[in-house]
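Visitor: curious how this folds, go ahead:
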Amino acid sequence: MSKALQEAERAGLDLVEISPNANPPVCKILDFGTYYYKKERKLREARKNQHIVQTKEVKFGPNTEDHDYNFKKVHAIKFLSQHNKVKLTVRFRGRQLAHRDIGFKLLERILEELKPLVDVEVKPKNEGRTVFTIIAPKKDIDNLLEEYENIEE
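Guide: All right, here's what the predicted structure looks like:
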């Protein structure tokens, strides 16, 4: 170890312990400032390129008409294309609570239409005055969207 330190001093560099648990420990002679800077740069680049997945919500009513349904479905597809999860919610008011089956049918309909694009994370379930499901985009959503748009036309 002392010989390595002498070599590092003679070269005007630092002796950096790379793997302390190895037997014998692995060290490198290098400029620690440059090494640390490059390591931080790599981490910063990795953070810049990563996408933080958010959960977006699209709300429906049990009596949602076809035009509104399609409009909201397009928004859900837009969120999925941005690689975000989507929570689809049907909320009930007053006497509508007696007809929760309408909400389940609505969610089943949209899940069936988006089946080629999504993985269902949470199956439709009842919670208070709402029925909801959570969907996530498939890994190759970008390629699937092109095919899906061709099918729609």
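Visitor: run through who's touching stretch 112-128.
Guide: 73, 76-77, 80, 85-86, 100, 103-104, 107-108, 111, 131-138, 141, 144-145, 147-148, 151 (CB atoms under 8 Å, 6 or more residues apart in numbering). Every residue, glycine included, has its C-beta placed from N, CA and C.
Visitor: from those residues, list the buried ones, please.
Guide: The neighbour count (16 or more other CB atoms under 10 Å) marks 73, 76-77, 80, 85-86, 100, 103-104, 107, 111, 131-137, 141, 144-145 as buried among the contacts of stretch 112-128.
Visitor: which parts of this protein are helices?
Guide: For the chain, the helices defined by DSSP state H cover 2-11, 32-49, 66-81, 100-113, 141-152.
Visitor: tell me the angle the fourth one makes with helix 66-81.
Guide: Think helix 100-113. Angle of helix 100-113 versus helix 66-81, following axes from the mean of the first three to the mean of the last three CA atoms, to 10 degrees, is 50 degrees.
Visitor: roughly how far is stretch 82-97 from the heart of the chain?
Guide: Remark: stretch 82-97 is offset 20 Å from the chain centroid, using CA atoms, centre = their mean, to the nearest Å.
Visitor: tell me the buried residues in that stretch?
Guide: Using 16+ other CB under 10 Å as the test for burial, stretch 82-97 gives 84-90, 92, 96.
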